[in-house]
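**Q** Below is the sequence, then the predicted model.
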Amino acid sequence: MLNDFLYLMNAELLITIIIFILLFLKLSNEEWKNEGLLNFINILLVINLAAGFFYIPKGNLFGDMFHTSELVTFEKNLLNLGTLIISLQSYDWLKGHKHVPEFYMLLLSTLLGMFFMISSNNLLMFYLGLELSTIPLAALSNFDLDKRRSSEAAFKMIISSAFSSGLLLFGISMLYGATGTLNFMGLKAHLTGNSFQVFSFILLLAGFAFKISAVPFHLWTADVYEGSPVAVTSYLSVISKGAILFVMVSVFYNVFTPLASSWYNMIFLISVATMIIGNLFALRQQNMKRFLAFSSIAQIGFILVGLSAQSIAGSSSVIFFILIYIFSNLGAFGVISLVSAITGKEDMDDYRGFYKTNPVLSWVLAISLFSLAGVPPMAGFFGKFFLLFAGAGKGNYSLIVIAALNMVVSLYYYLKVIKFMFMDANEHPIQKIKAHWQPKMAMAICVGGILITGIASGAYNYIHSLLK
């Protein structure tokens, strides 16, 4: 039993060990310089990422409440990769911060909660993982302790999370009352599609929609993104949403198949509204973090098109797009994080003439935005192609047409930023930015990921094979 526990929960145990190492460092009398501490933590995160590729367990624990498989391990590895990239990008911001160990303890605690969510085979385990992943995020949103808007972001984050968790928990309790079980397989066996169960599912879906910022549950997103530190914003945008989407693919496809006809219509409406509202609001943003906030809302709309396919191709396309989204969004946030940490500038107009002083960073941001826009041969094009192709398999071509039109709209506001950088003049452009090698490494990983996953099809084929 102990060997099974150590083997099947190796990813969670490794994260827990790192958290305790940081706790002991914080409580020790020895004073660490931030630069040395950050180097040490990033080494631990590299070891954590590498370990995920060497041990790929399969099995269940705790009376089938916890399960792991090759697909679950792959999803956890993607989150580990994204967390490492964010850590590398945050070097210039964190090296001047007073609370580096606390930042990583909170960050890894929320990552641990996401791991439990992804491995959950029971609604109770899922909810506990969700709360463990959400509460530390509110504290992270307030990590710019000297800025009032950071405190405001944390307040909005915790209030909206509490409301969404309440809806989710209410839906879970109603499902338990209707079926008498919280186990995923038991739920599937007892779902008949009656109106009480459908209403319970609507509450559950509302909780999910809050976490991924789907319309009309998106109102907290832009304010929280703008007020949080850029590192936390990128974590919220990519890692947090990615974990919830992994769970949605698993739960919707494996548990709620008896309600498939009902939740397809709900996903269809939410997807259309999310794409349109996200794009319309992204058009008028001037702050780069708010701009990427509404951009990420629109991207969720495209992901939901793939989710609506109700097929292996649909789940493959969603997971593949999250892989691409990690590289693309973190590439953009990496440049914004660096500029914000060194110059304090976050407005779109500040990037006019950016290419003249920072050509390499301009290309990193441009490649990332091209990928987010879905311009070939960037990976984002193939990601959106697979999402739309999977959605078309359902036969609802009106959804595909709406998604394609929204891709055209999104191209405009992504190109606007690129125009500012490469074509517009600025009397006071952003200064030449000298970055540490760690943020440079993070951006190189993102650009390499965008180009390689766009040209090579191995990643999609591997994901598709895991789902068969």
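**A** Looks like it came in fine.
**Q** Please export the C-alpha coordinates of stretch 160-177 as PDB.
**A** Only the C-alpha atoms of stretch 160-177 are listed here, as PDB (Å, rounded to 0.1, in the frame of the first residue of the first chain):
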ATOM      1  CA  SER A 160     -15.800  36.000  -7.300                       C
ATOM      2  CA  SER A 161     -14.200  32.700  -6.400                       C
ATOM      3  CA  ALA A 162     -16.300  32.300  -3.300                       C
ATOM      4  CA  PHE A 163     -19.500  32.900  -5.400                       C
ATOM      5  CA  SER A 164     -18.500  30.500  -8.100                       C
ATOM      6  CA  SER A 165     -17.400  27.900  -5.500                       C
ATOM      7  CA  GLY A 166     -20.800  28.300  -3.900                       C
ATOM      8  CA  LEU A 167     -22.600  27.600  -7.100                       C
ATOM      9  CA  LEU A 168     -20.400  24.600  -7.800                       C
ATOM     10  CA  LEU A 169     -20.900  23.200  -4.300                       C
ATOM     11  CA  PHE A 170     -24.600  23.600  -4.600                       C
ATOM     12  CA  GLY A 171     -24.600  21.800  -7.900                       C
ATOM     13  CA  ILE A 172     -22.500  19.000  -6.400                       C
ATOM     14  CA  SER A 173     -24.900  18.600  -3.400                       C
ATOM     15  CA  MET A 174     -27.900  18.400  -5.700                       C
ATOM     16  CA  LEU A 175     -26.200  15.800  -7.900                       C
ATOM     17  CA  TYR A 176     -25.400  13.800  -4.800                       C
ATOM     18  CA  GLY A 177     -29.100  14.100  -3.700                       C
END
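**Q** Next, the buried residues of that stretch.
**A** 160-161, 164-165, 167-169, 171-172, 174-175 (16 or more other CB atoms under 10 Å). (Glycine included, C-beta is placed from N, CA and C.)
**Q** Give me the subset of these lying in helices.
**A** Counted as lying in helices by DSSP state H, out of those, are 160-161, 164-165, 167-169, 171-172, 174-175.
**Q** Between those, which sits nearest residue 21?
**A** residue 161 (28.2 Å; CB to CB).
**Q** What count of nearby residues applies to the closest residue to that closest one other than its chain neighbours?
**A** Nearest non-adjacent residue to residue 161, counting by CB to CB, 6 or more residues apart in numbering: residue 134, 4.9 Å away. Neighbourhood size, residue 134 [other CB atoms under 10 Å]: 20.
**Q** hang on, the earlier thing: a markdown table for the buried residues of stretch 160-177, including pLDDT?
**A** Below are the buried residues of stretch 160-177 laid out as a markdown table (pLDDT from 0 to 100):
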| residue | pLDDT |
| --- | --- |
| 160 | 85 |
| 161 | 85 |
| 164 | 87 |
| 165 | 87 |
| 167 | 89 |
| 168 | 90 |
| 169 | 90 |
| 171 | 90 |
| 172 | 91 |
| 174 | 90 |
| 175 | 90 |
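**Q** Turn the residues you listed into CSV, columns for distance to residue 65.
**A** CSV is the format used below for the buried residues of stretch 160-177 (distance: CB to CB, whole Å):
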residue, distance to residue 65
160, 28
161, 23
164, 23
165, 19
167, 23
168, 18
169, 17
171, 19
172, 14
174, 20
175, 16
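**Q** out of the residues you listed, who's nearest residue 444?
**A** residue 161 (34.1 Å).
**Q** Is that closest one in contact with residue 133, as I believe?
**A** No. The pair residue 161 / residue 133 is not scored as a contact, 10.0 Å apart, by CB atoms under 8 Å.
**Q** returning to that earlier point: the residue nearest to residue 161 in helix, strand or coil?
**A** Secondary structure state of residue 134, per DSSP: H, G, I helix; E, B strand; the rest coil, is helix.
**Q** Can you pull the poorly scored residue ranges out of the chain?
**A** In the predicted model of the chain, residues 1-5, 29-30, 457 satisfy pLDDT under 70.
**Q** Could you pull out the strands in it for me?
**A** Secondary structure of the chain (DSSP state E): strands at 59-61, 66-68.
**Q** Mind checking those for the one nearest to residue 314?
**A** strand 66-68 (21.4 Å).
**Q** What is the closest one packed up against?
**A** strand 59-61, helix 100-119 (3 or more CB pairs under 8 Å, 6 or more residues apart in numbering; DSSP states H and E).
**Q** highest average neighbour count across the ones you listed?
**A** helix 100-119 (a mean of 23; mean count of other CB atoms under 10 Å).
**Q** picking up where we left off before, can you redo the strands of the chain as JSON lines with distance to residue 260?
**A** Shown next, in JSON lines, are these (distance: least, CB to CB, whole Å):
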{"stretch": "strand 59-61", "distance to residue 260": "25"}
{"stretch": "strand 66-68", "distance to residue 260": "22"}
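**Q** before we move on, back to that, check contacts around the residue nearest to residue 161.
**A** 110, 113, 161, 165, 211 (CB atoms under 8 Å, 6 or more residues apart in numbering).
**Q** Repeat the analysis, applying 10 Å as the threshold.
**A** Residue 134 is in contact with 110, 113-114, 157-158, 161-162, 164-165, 211, 240, counting by CB atoms under 10 Å, 6 or more residues apart in numbering.
**Q** now, which of these sits nearest residue 333?
**A** Using CB to CB, the contacts of residue 134 come closest to residue 333 at residue 240, 13.2 Å.
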